[in-house]
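Colleague: Here is a sequence together with a model predicted from it:
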Amino acid sequence: MVQKKSKPVSQQLREAIDADARSRYRICKEIGLGESTMSHFMHGECGLQLSTIDRLADLLGLRIVVADEVKPAPASPAKVERDGNQDATWRRNARALAAVVVTSDSIIQRKRKGRQP
């Protein structure tokens with residue numbers, strides 16, 4: 001089975017900014033970010049500091065969700081015997097393979113109402 005690769009978090013963040021009803025100018029003013037920095041970020045020319053991402057996520061109602069859909073292959077009997085606990089091995093593998101997605105309640109609500117984000 002081929003696993004679908006998720007978009008990078010930075011790309012998902014750009015899409016959430018574009019989907020928001022507020023202008024980029026308004027978003028910049030509300031989170032205290034320079035317009036030129038926002039422009040460079042939106043064009044993939046630079047990143048944002050984590051503190052800026054925190055403010056942006058708070059403003060846009062974003063959160064990071066770990067997808068549970070990734071299932072690791074079962075551990076070999078020898079591995080289970082070495083570890084002594086297959087559940088611990090599975091949890092460790094699941095965390096390593098879990099996909100991270102950024103979601104926005106406002107984007108989900110718009111899609112449910114049939115509007116484009």
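Modeller: Received it, and whenever you're ready, just let me know what you need.
Colleague: need the next SSE after the helix or strand hosting residue 54, C-terminal direction.
Modeller: In this structure, residue 54 is located in helix 50-60 according to DSSP states H and E. Toward the C-terminus, helix 50-60 is succeeded by strand 62-66 as the next helix or strand (DSSP H and E).
Colleague: Helix or strand with the lowest mean pLDDT in this structure?
Modeller: Lowest by mean pLDDT, DSSP states H and E among the helices and strands of the chain is strand 100-104, with a mean of 43.
Colleague: Tell me which other helices or strands the helix holding residue 54 touches.
Modeller: Here helix 50-60 touches helix 9-19, helix 24-31, going by 3 or more CB pairs under 8 Å, 6 or more residues apart in numbering; DSSP states H and E. From N, CA and C alone the C-beta is placed, and that goes for glycine too.
Colleague: mind checking which of those is nearest residue 46?
Modeller: Residue 46 lies closest to helix 9-19 among these, at 10.2 Å (CB to CB).
Colleague: Report the inter-axis angle for that closest one versus strand 62-66.
Modeller: Comparing the axes of helix 9-19 and strand 62-66 via axes from the mean of the first three to the mean of the last three CA atoms, to 10 degrees yields an angle of 140 degrees.
Colleague: Could I get the average pLDDT for helix 9-19?
Modeller: Here helix 9-19 scores 94 as its mean pLDDT.
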